[in-house]
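Trainee: got a predicted model here, sequence first, then my questions.
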Amino acid sequence: MNPVVDYLRISLIDRCNFQCQYCMPEGAELEYIRKQEVLTDAELLTLLREVFIPCGFSRFRLTGGEPLLRPQVVSLVQQIAALPETQDLSMTTNGFLLADLAQGLYDAGLRRINISLDSLEPEVFNRIIGNRGRTRWQQVWSGIQAAHRVGFDPLKLNVVVIPGVNDHEVLDLAALTIDRHWHVRFIEFMPIGNGNLFGDKGWIDSETLRQQIHQRWGLVEARVRGNGPADVFQIPGAKGTLGFISQMSECFCDRCNRMRLSADGWLRPCLLNETGQIDLKTALRSGVSTRELCAQVQVLLDLKPAINFKQRESGTVGTYTRTMSQIGG
Ligand code: SAM
Ligand code: SF4
């Protein structure tokens, strides 16, 4: 049976204050969305109230680019959280602006947050995020501490493991969960935007990481709220958990319950497949009724199982030229 698709990942902005190698590769031709093409707060809220919620969506994740760069992001969070049908609201952020915004976001109704943290070593971190000379690790760490202090729960840390760059830190990152109620999730690197970035070695599969951690401490199965596609484990006795997101080594397209809305209003049924996507912003601005848009989204929902990324297995989907930051990761 196909899963109920009720989860929308909303990109608030395609710009970012970092330039992670795996997301916005240096040299990639990035064309930013012009400001006037970005959905306004009012348009986004109209789409949520009159299109997505009637189509059955009730769980929303705010992402980007870097969502905290969106002007008046706290007010927008407050308005989405206040929709009576919103059952779950979360955000994925690089954490750089979080130290100042954590309390406001929490007060606005955000409760779940994922913060990207690929390294505990400032130099390695800088290398990954593409900021030569400027140390941003400490600022991100302060953001994580602030999120912890104000009470975000679960607080998840996303780690993309890159061979030869940060794979030596897997145990140190896993160890963060022993004394802290934090959830570290290891994400397999996906060949989006620049598939050859890390050469033949490419990516490390979750099973290898799991074995490494298991050999050191042992692992038991666990659960965490909103675990999505992650397989969740725990170091015995640890306060937090470890998640493994294995979209490269284990295709979980059959379980996919999400769609993505880009900052300029394109609704995309699958991360890596543009088939069927709808330009909701242009339609809305040209006066198409939200009732009609609802019908179009419904058609896309019905098509989704056939569109999913699993087509890669039959070789019909190739390399992806759009980066994660452009799609809305
Ligand atoms: N800027 C925010 C952040 O970094 O958390 C939100 C957007 S980012 C595109 C969302 C997530 O996608 C991050 O956790 C990032 O590590 C992950 N990501 C980006 N490019 C990726 C890739 N090629 N493979 C796997 N994960 C990727
Ligand atoms: Fe920016 Fe997030 Fe992409 Fe890094 S992963 S470049 S922080 S959008």
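Mentor: Looks like it arrived, so ask away. Ligands and ions are numbered 1, 2, ... in the order given.
Trainee: which residues of the stretch 1-150 of the chain fall in helices?
Mentor: 41-47, 73-81, 98-108, 122-129, 137-150 (DSSP state H, counting those that start in this stretch).
Trainee: what does the stretch 151-300 of the chain give?
Mentor: Counting by DSSP H, counting those that start in this stretch, one finds helices in the stretch 151-300 of the chain at the ranges 170-179, 206-217, 280-285, 290-307.
Trainee: which pLDDT value goes with the residue located most distally from the centre of the chain?
Mentor: In terms of distance from the mean C-alpha position of the chain, residue 287 ranks first, at 31.1 Å (CA atoms, centre = their mean). pLDDT recorded at residue 287 is 97.
Trainee: got the phi and psi for it?
Mentor: For residue 287, the backbone dihedrals (degrees, to the nearest 10) come out as phi 90, psi 10.
Trainee: show me what contacts residue 138?
Mentor: residue 122 (CB atoms under 8 Å, 6 or more residues apart in numbering). Just so you know, the C-beta spots here come from the backbone N, C-alpha and C atoms, and that holds for glycine as well.
Trainee: repeat the analysis, applying 7 Å as the threshold.
Mentor: Taking CB atoms under 7 Å, 6 or more residues apart in numbering, we find residue 138 in contact with no residue.
Trainee: what pLDDT does whichever residue of the stretch 51-200 of the chain sits closest to ligand 2 get?
Mentor: Closest approach between the stretch 51-200 of the chain and ligand 2, counting by CB to the nearest ligand atom: residue 94, at 3.6 Å. The confidence metric pLDDT takes the value 97 at residue 94.
Trainee: show me what contacts it?
Mentor: Shown in contact with residue 94 (CB under 7 Å, 6+ apart): 18, 66, 116, 140.
Trainee: from residue 43, how far off is the nearest residue to residue 216 once chain neighbours are set aside?
Mentor: Nearest non-adjacent residue to residue 216, counting by CB to CB, 6 or more residues apart in numbering: residue 171, 5.7 Å away. According to CB to CB, to the nearest Å, residue 171 stands 46 Å off from residue 43.
Trainee: same thing with residue 160?
Mentor: Distance from residue 160 to residue 43, by CB to CB: 32 Å.
Trainee: try residue 262
Mentor: 13 Å.
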